[in-house]
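Here's a sequence, model it:
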Amino acid sequence: MAAKKRKPNAAFMKPVRPDESLAAVVGSSPLPRTQVTKKLWTYIKRRGLQDKKKRIMINADDKLKVVFGGKKQVTMFEMTKLVSRHLK
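Residues are numbered from 1 along each chain as shown. Predicted coordinates:
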């Protein structure tokens with residue numbers, strides 16, 4: 001029996017518009033959620049914001065602190081939840 005190819009979830013592919021605070025990090029054009037996450041990680045890696053000891057933690061710079069609701073550090077999972085509040 002051939003393995004069924006996974007169909008991407010349409011909700012994830014639908015473009016969403018970042019609000020002003022998130023647009024400062026990922027840009028203001030509408031993007032699918034998957035691309036928002038990808039751009040966010042590019043931003044985090046370029047600036048070395050992933051905690052060196054506890055890799056699951058993300059340290060916020062000034063732009064990310066606004067997105068993270070003023071928090072200096074969040075977990076990867078918490079980050080996803082906080083970022084979704086900035087998408088329309």
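
any idea of the mean pLDDT for the lengthiest helix in the chain?
In the chain, ranked by residue count with DSSP state H as the criterion, the top helix is helix 33-46. For helix 33-46, mean pLDDT rounds to 96.

In that helix, which residues have enough neighbours to count as buried?
Using 16 or more other CB atoms under 10 Å as the test for burial, helix 33-46 gives 33, 35, 36, 37, 39, 40, 43, 44. Every residue, glycine included, has its C-beta placed from N, CA and C.

is it possible to export those residues to TSV including distance to residue 77?
Shown next, in TSV, are the buried residues of helix 33-46 (distance: CB to CB, whole Å):
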residue	distance to residue 77
33	15
35	19
36	16
37	12
39	18
40	13
43	18
44	14
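
Quick one: end-to-end length of stretch 55-68, please.
This stretch, stretch 55-68, spans 17 Å end to end (CA to CA, to the nearest Å).

nope, stretch 19-31 is what I was after
Termini of stretch 19-31 sit 12 Å apart (CA to CA).

Check what contacts it and list those residues.
15-18, 36, 39-40, 43, 63-64, 66-67, 83, 86-88 (CB atoms under 8 Å, 6 or more residues apart in numbering).
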